[in-house]
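J.: got a sequence here, can you model it:
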Amino acid sequence: MHNEFEVLVMFSRFAGAAIRALCVVLLIALPSVMLPATIAGGSEIVSFIAIAAAILTFIEYKSDYPSLIEFRFAPPFNRIRFGSLLFTVLVLSIICSGKYHATPVTEFTAAIGQLIAASIDFPFSPVRLVVGMLPADSTADIVTAVRTAAGISYLTSLLSLAVFLAALRLSRWPRNSGTFNVWINLPMFDPTAGGDVVRRLNKDARFNIMLGFLLPFIIPVAVRLAADFFGPMAMTNPQTLIWTMAAWAFLPASLFMRGIAMSRVAHMIADQRRRTYAAEAAEADDFLVA
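T.: Sure thing, here's the model as predicted:
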């Protein structure tokens with residue numbers, strides 16, 4: 001019976017790792033499949049990146065020991081992040097595919113995206129800064145495409161944060177996933193590096209939240225300054241537009257979620273310490289009374 005349970009656990013982990021690897025391949029290959037190739041050898045490059053990412057994902061989730069991926073056994077942290085990125089890439093791919101083969105779906109999605117972008121494109125907003133990083137001689141079609149992609153990407157990142165916060169409140173994350181192992185779920189964080197773990201977690205949490213808030217504003221400014229030395233970034237390639245805008249919105253949201261998650265873990269550890277100290281104090285009092 002014990003051996004059968006171990007086999008079942010191994011099969012479940014293998015199947016889960018394989019499904020996650022296939023999802024990663026789908027994400028990376030999606031724009032290349034939906035859009036015509038515009039760069040020689042682009043399909044081969046995408047295939048290589050997709051296979052390499054799938055192998056890394058499979059090994060990471062199949063192994064008992066962590067290496068890179070954080071919160072591996074604390075759903076739905078990574079599921080929300082992946083779902084947000086997949087939705088962003090899918091919607092932008094649908095809009096860009098309408099330039100080559102217009103359908104009611106592509107036209108409707110593009111119209112909704114333009115309305116979203118127009119509502120978010122106000123002075124000093126991240127979307128306005130993204131549009132401002134374009135060269136002065138950019139055509140109206142390029143400006144509209146960038147504004148639409150930026151608006152959809154940024155709104156999706158905000159919605160993913162809202163979903164994550166709702167999941168934290170409703171499911172008591174990370175306690176809902178069972179015993180939380182800091183080493184497995186935070187492989188890049190060394191609890192033995194020195195100093196109080198709770199203080200270090202809170203410090204890293206504040207840094208990630210601050211960086212996640214500032215990056216949507218910093219990246220366009222940095223791109224604009226870099227254009228003076230390296231030339232302006234070309235957004236005429238649809239796949240470049242998709243991945244640039246998706247990364248611009250996903251990275252800050254991911255850092256924001258990481259900061260919130262680390263703060264939650266720090267609060268959980270501090271709460272566990274208080275309960276332990278209270279229990280030890282109660283036992284000491286009982287011993288003195290006896």
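J.: can we go C-alpha only for contacts and neighbour counts from here?
T.: OK.
J.: what sits up against stretch 106-122?
T.: By Cα atoms under 8 Å, 6 or more residues apart in numbering, the surrounding residues in contact with stretch 106-122 are 91, 94-95, 97-98, 127-128, 144, 147-152, 155.
J.: just the buried subset of those residues, please.
T.: 91, 94-95, 97-98, 127-128, 147-152, 155 (16 or more other Cα atoms under 10 Å).
J.: let's see which of those residues end up in helices.
T.: Applying DSSP state H to these, the entries found in helices are 91, 94-95, 97, 127-128, 147-152, 155.
J.: could you list the low-pLDDT ranges of this protein?
T.: Flagging of the chain using pLDDT under 70 yields the residue ranges 1-7, 9, 37-41, 66, 176-178, 194, 228-234, 280, 282-290.
J.: determine the longest helix present in it.
T.: Under DSSP H, the chain gives helix 238-289 as its longest helix.
J.: buried stuff in stretch 120-128?
T.: Burial within stretch 120-128, assessed by neighbour count using 16+ other Cα under 10 Å, is assigned to 120, 121, 126, 127, 128.
J.: same for the longest helix of the chain, what does it pack against?
T.: helix 2-34, helix 77-97, helix 140-171, helix 197-230 (3 or more Cα pairs under 8 Å, 6 or more residues apart in numbering; DSSP states H and E).
J.: now with 10 Å, please.
T.: helix 2-34, helix 77-97, helix 126-132, helix 140-171, helix 197-230 (3 or more Cα pairs under 10 Å, 6 or more residues apart in numbering; DSSP states H and E).
J.: run the angle between it and helix 77-97 for me.
T.: 170 degrees (axes from the mean of the first three to the mean of the last three Cα atoms, to 10 degrees).
J.: okay, the helix or strand where residue 109 lies in CSV with CA atoms only?
T.: Using DSSP states H and E, residue 109 maps to helix 104-120. C-alpha atoms of helix 104-120 as CSV (Å, rounded to 0.1, in the frame of the first residue of the first chain):
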residue,chain,number,x,y,z
PRO,A,104,-15.2,40.0,-36.3
VAL,A,105,-13.3,38.7,-33.3
THR,A,106,-10.1,40.6,-34.1
GLU,A,107,-12.1,43.8,-34.8
PHE,A,108,-14.1,43.5,-31.6
THR,A,109,-11.0,42.8,-29.5
ALA,A,110,-9.2,45.7,-31.1
ALA,A,111,-12.1,48.1,-30.4
ILE,A,112,-12.3,47.1,-26.8
GLY,A,113,-8.5,47.5,-26.5
GLN,A,114,-8.7,51.0,-27.9
LEU,A,115,-11.4,52.0,-25.4
ILE,A,116,-9.4,50.6,-22.5
ALA,A,117,-6.2,52.4,-23.7
ALA,A,118,-8.1,55.7,-24.2
SER,A,119,-9.4,55.5,-20.6
ILE,A,120,-6.0,54.8,-19.1
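J.: and the angle from it to helix 140-171?
T.: Using the same axes, to 10 degrees: helix 104-120 against helix 140-171 is 80 degrees.
J.: residues of helix 104-120 that come out buried?
T.: Within helix 104-120, the residues scored as buried using 16+ other Cα under 10 Å are 106, 107, 109, 110, 113, 114, 116, 117, 118, 120.
J.: kindly report the same for stretch 78-90.
T.: If you call a residue buried by 16+ other Cα under 10 Å, then stretch 78-90 has these buried ones: 78, 80, 81, 82, 84, 85, 86, 87, 88, 89, 90.
J.: next up, the contacts around residue 209.
T.: 252, 253, 254, 255, 256, 257, 258, 259, 260, 263 (Cα atoms under 10 Å, 6 or more residues apart in numbering).
J.: what do you get for residue 140?
T.: Applying Cα under 10 Å, 6+ apart, one finds that residue 140 lies in contact with residue 146.
J.: hmm, back to that, distance to residue 68 for the buried residues of helix 104-120 - can I get that in JSON lines?
T.: Converted to JSON lines, the buried residues of helix 104-120 look like this (distance: Cα to Cα, whole Å):
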{"residue": "106", "distance to residue 68": "37"}
{"residue": "107", "distance to residue 68": "40"}
{"residue": "109", "distance to residue 68": "35"}
{"residue": "110", "distance to residue 68": "36"}
{"residue": "113", "distance to residue 68": "34"}
{"residue": "114", "distance to residue 68": "37"}
{"residue": "116", "distance to residue 68": "35"}
{"residue": "117", "distance to residue 68": "34"}
{"residue": "118", "distance to residue 68": "38"}
{"residue": "120", "distance to residue 68": "34"}
